[in-house]
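Peer 1: Structure here, sequence nowhere to be found:
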């Protein structure tokens, strides 16, 4: 089962996100603006995104939803994330 590719940033949605491939993900605020972009390896997508929820060890202020795009490899996900960060300049990416 592939799992969801987008939804509100909460425990239920994160538990249902696709985790079977590497992915690049965008964390969005209430307006839909990209405030953080990251990449995660296959099997680590849910754990990585959960870190950015309120109360998580790398919580993103104002995070409301998440969108992810699966990639064949983590290297592809990282390259895609770098392009998105350069283009969007998310507020919470260093």
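Peer 2: Great, that's in hand. Predicted, not measured: the structure shown is a model, and the values here were computed from it.
Peer 1: What lies in contact with stretch 87-94?
Peer 2: Contacts with stretch 87-94, where a contact means C-beta atoms under 8 Å, 6 or more residues apart in numbering, come from 26, 27, 34, 35, 36, 37, 60, 61, 84, 85. Quick note: C-beta positions are derived from backbone N, CA and C, even for glycine.
Peer 1: got it, and stretch 61-69?
Peer 2: Stretch 61-69 is contacted by residues 5-9, 13-14, 17-18, 23-30, 32, 35-36, 45, 49, 52-54, 80, 92 when judged by C-beta under 8 Å, 6+ apart.
Peer 1: Name the member of the contacts of stretch 87-94 with the most neighbours.
Peer 2: Within those, most neighbours by other C-beta atoms under 10 Å means residue 27, with 25 neighbours.
Peer 1: Now do the same contact list for it.
Peer 2: 9, 34-38, 49, 52, 60, 63, 65-66, 90, 92.
Peer 1: on that earlier part again, just the ones of the contacts of stretch 87-94 in helices?
Peer 2: Mapping those onto helices (DSSP state H) picks out 84, 85.
Peer 1: just the contacts of stretch 87-94 now: which is nearest residue 71?
Peer 2: Closest to residue 71 out of the contacts of stretch 87-94 is residue 84 (12.0 Å), distances taken as C-beta to C-beta.
Peer 1: Now for the closest one: which residues touch it?
Peer 2: 24, 26, 34, 37, 90.
Peer 1: How about the contacts made by the third one?
Peer 2: Okay, so that is residue 34. Contacts of residue 34 (C-beta under 8 Å, 6+ apart): 26, 27, 28, 84, 88, 90.
Peer 1: Report the separation between it and residue 20.
Peer 2: Going from residue 34 to residue 20 by C-beta to C-beta, to the nearest Å gives 24 Å.
Peer 1: Ok, the fourth one next?
Peer 2: Residue 37 is 21 Å from residue 20, where distance means C-beta to C-beta.
Peer 1: for the protein, which spans come out with low pLDDT?
Peer 2: Where the chain drops to pLDDT under 70, the residues are 1-2.
Peer 1: In space, not sequence, find me the middle residue of this structure.
Peer 2: Centroid check for the chain by C-alpha atoms, centre = their mean gives residue 25 as the closest residue, at 2.9 Å.
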